[in-house]
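[1] Output the structure for:
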Amino acid sequence: MSEGQLPKGWARATIGDVVQPTRPKIAPKPTSILPFVGLEHIKPHSMSIDGAFRFCDLKSPAVHFLPGDVLYGRLRPYLNKVAVAEFEGACSSEFIVLPPTEVVIGAFLKYLLHHARFVSYAAHQVSGDRPRIDFGQIAAFEFGLPPVSEQARIVAAIDALFVQLDTAEEHLTKTQHLLGQYRQSIIRSAYRGDLTQGWRSQRSRLRESAESLLHRLKVARAELAPAARRKGAIDTKRPGVDIQPNLVCPEEWVWTTLGDISEVVGGLTKDSKRKPKDGVEAPYLRVANVQRGFLDLSEVKTILATPDELKALKLQRGDILLNEGGDLDKLGRGWVWEEQLEACIHQNHVFRARIFVNEVPAAYISRYINEFCQPFFMSQGTQTTNLASVSMSKVRQVPIPIPPLEELIEIDRYCVETLDETEGLSTVVGQKRELLKVLRQSALVAAFSGELVKQDSTDEPVGDLLQRTISCRETGVARQRARKSKKVAA
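    Predicted coordinates:
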């Protein structure tokens, strides 16, 4: 079939030609047993209704719908919240309710509204932070309309294919979950010392004990303290709270704090009034850039900074980054800087921890904080109306387990190798899931171009039926206008 050519028996139509939102609003009654469907009951792209409230508990009227009606979410159309109702109920006015007609069945219309071409069309009709679309904006969307009997065959074919794809999606989701569990078990075993238990038993003598390593870290800290104190970088006093580790480690290990083994500093404050005369544009990391276990550098902004600020805050390879602000569950998340950008600094909502001894792998420390210290940050952070934060003094008190240096390096090596392999498998699973999305849309492309099922020469062409439907609707509208005109004249 050439581009623009429709299969035999099909007709070109718009959504406004085949369906109209004619369902009325109804008021809730104390005796009503109808369910109420809100926007939250249809997940994005799911094409199904997941739950409902009791309509009798509401005070405001809602749109009445019947089985077979299509519910289409008006708010943020790119979320593609669309489903066919299997029961009678009431729904939020944030839905456009589209009853099936003699020219289009509900399930066919649902798949049409799920088609990527329509989603893109709808998304481009609106703008703003809370874009909301109305029926008039989607009514002009044009598509090829098959005969009603062929619509039923298309829906059956898509349903059968999507069942297979749903099964594959379930398997991939389970695999992703198992990989996550395996990853967590590896990390917990590593930081409990289980993974290196055999390693320890084969080594009667170590080059440096955990106590010796910690002493060396504290000596390096003391040497840095005078200069750092003048710049307000670190507090040379012991932390004011007790260390409360949340896991049991081998006897050979010791517990310390992040402030004892690293220099923890804040970043540059972002201020629109900030315009230093000798400032130069420098890339800087925000909370959005510092994720749990990785750095998202897809969008790095710049800030004016003085030469002294660049010198003091320039990130170095091996620096540990931790979020100071944002949502409460984001406090403390972070990862290790690997000099991905030149002359990069960080803003004040991101802390930087620089370990005093280079031999200690920064990933060992950052990985531990990500996996075990969220309860610490949740308890030590403060929450305001819009923002959570944690003080630098609290960050310095984060408890850290320190094994002997050789064991620490062995743990980090094993984690890197094993977790990289797990991450690789997880990436493959993610790619397969993306492929399933492509297959779903490919099926819809084939369906709406007449290539998914065979045409049947005995099907009644839809063109004449469509024209009668449009003519009847136009006649009804004209009569209604005439009645209104008579009332006005009277």
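
[2] how about the strands in the stretch 251-400 of the chain?
    In the stretch 251-400 of the chain, the segments counted as strands under DSSP state E, counting those that start in this stretch are 254-257, 262-265, 280-285, 290-291, 294-295, 301-305, 320-323, 325-326, 334-336, 345-346, 350-355, 382-383, 388-389, 399-402.

[3] low pLDDT regions in the stretch 301-450 of the chain?
    Residue ranges of the stretch 301-450 of the chain with pLDDT under 70: 385.

[4] and Arg473, how many residues sit next to it?
    14 (other Cβ atoms under 10 Å). Glycine gets a C-beta too; all of them are placed from N, C-alpha and C.

[5] quick one, what contacts the nearest residue in space to Val336 that is not next to it in sequence?
    Of all residues not flanking Val336 in the chain, Ala362 sits nearest, at 4.5 Å (Cβ to Cβ, 6 or more residues apart in numbering). Going by Cβ atoms under 8 Å, 6 or more residues apart in numbering, Ala362 touches Gly318, Asp319, Ile320, Val336, Ile355.

[6] could you redo the last one with a cut-off of 7 Å?
    Residues in contact with Ala362 (Cβ atoms under 7 Å, 6 or more residues apart in numbering) are Gly318, Ile320, Val336, Ile355.

[7] which pair in those spans the largest distance?
    Across the contacts of Ala362, no pair lies farther apart than Val336 and Ile355, at 10.1 Å, counting by Cβ to Cβ.

[8] Show me whatever sits in contact with both of those two.
    Listed as contacting both Val336 and Ile355 by Cβ under 7 Å, 6+ apart are Gly318, Ala362.

[9] Check the spacing between the spatially closest residue to Val300 that is not a sequence neighbour and His346 real quick.
    Leaving aside its sequence neighbours, Val300 sits nearest to Pro283 (Cβ to Cβ, 6+ apart; 4.8 Å). For Pro283, the distance to His346 (Cβ to Cβ, to the nearest Å) stands at 10 Å.

[10] ditto for Arg203
    Note on Arg203: its distance to His346, by Cβ to Cβ, is 39 Å.

[11] So those two - more neighbours on which side?
    Neighbours were counted for Arg203 and for His346 using other Cβ under 10 Å; His346 has more, 28 against 13.

[12] Give me the nearest residue to the more buried one, chain neighbours excluded.
    Going by Cβ to Cβ, 6+ apart, His346 has Gly267 as its nearest residue, at 3.8 Å.

[13] Phi and psi next, for Thr175.
    Phi and psi for Thr175, reported as degrees, to the nearest 10, are phi -60, psi -40.

[14] for it, what are its contacts?
    Val429.

[15] confidence score at it?
    Note on Thr175: pLDDT of 95.

[16] my guess is the residue nearest to His346 contacts Val350, does it?
    Yes: the criterion here is Cβ atoms under 7 Å, and Gly267 meets it with Val350 at 5.3 Å.

[17] Next, show the common contact partners of the two.
    Among the neighbours of Gly267, none is also in contact with Val350 (Cβ under 7 Å, 6+ apart).

[18] I'd like to know which elements the helix or strand containing Leu224 is packed against.
    In this assignment (DSSP states H and E), Leu224 forms part of helix 210-230. If contacts are counted by 3 or more Cβ pairs under 7 Å, 6 or more residues apart in numbering; DSSP states H and E, helix 210-230 sits against strand 254-257, helix 258-261, strand 399-402.

[19] Run the angle between it and strand 350-355 for me.
    Relative orientation of helix 210-230 versus strand 350-355 (axes from the mean of the first three to the mean of the last three Cα atoms, to 10 degrees): 130 degrees.

[20] separation between Arg117 and Glu460?
    Distance of Arg117 to Glu460, given as Cβ to Cβ: 27 Å.

[21] What of Leu247?
    Going from Leu247 to Glu460 by Cβ to Cβ gives 71 Å.

[22] Any figure for the gap between the residue nearest to Glu208 when sequence neighbours are not counted and Tyr364?
    With sequence-adjacent residues excluded and distances taken as Cβ to Cβ, 6+ apart, Glu208 is closest to Leu405, at 4.8 Å. Shown here: Leu405 relative to Tyr364, a distance of 11 Å by Cβ to Cβ.

[23] Leu165 too?
    From Leu165 to Tyr364 the distance is 41 Å (Cβ to Cβ).

[24] The two: who's more crowded?
    A side-by-side neighbour count of Leu165 and Tyr364, using other Cβ under 10 Å, places Tyr364 first with 23 against 15.

[25] Pop out the phi and psi values for the nearest residue to that one once chain neighbours are set aside.
    Excluding its sequence neighbours, the residue lying closest to Tyr364 (Cβ to Cβ, 6+ apart) is Asp412, at 4.4 Å. Dihedral angles of Asp412 (phi, psi; degrees, to the nearest 10) stand at phi -60, psi -40.

[26] residues in contact with Asp412?
    Counting by Cβ under 7 Å, 6+ apart, the residues that Asp412 touches are Pro361, Ala363, Tyr364.

[27] what's the neighbour count on the residue lying closest to Gly73 once chain neighbours are set aside?
    Excluding the flanking residues, the one nearest Gly73 by Cβ to Cβ, 6+ apart is Lys81, at 3.2 Å. The tally of other residues near Lys81 (other Cβ under 10 Å) stands at 25.

[28] Brilliant, that's me finished.
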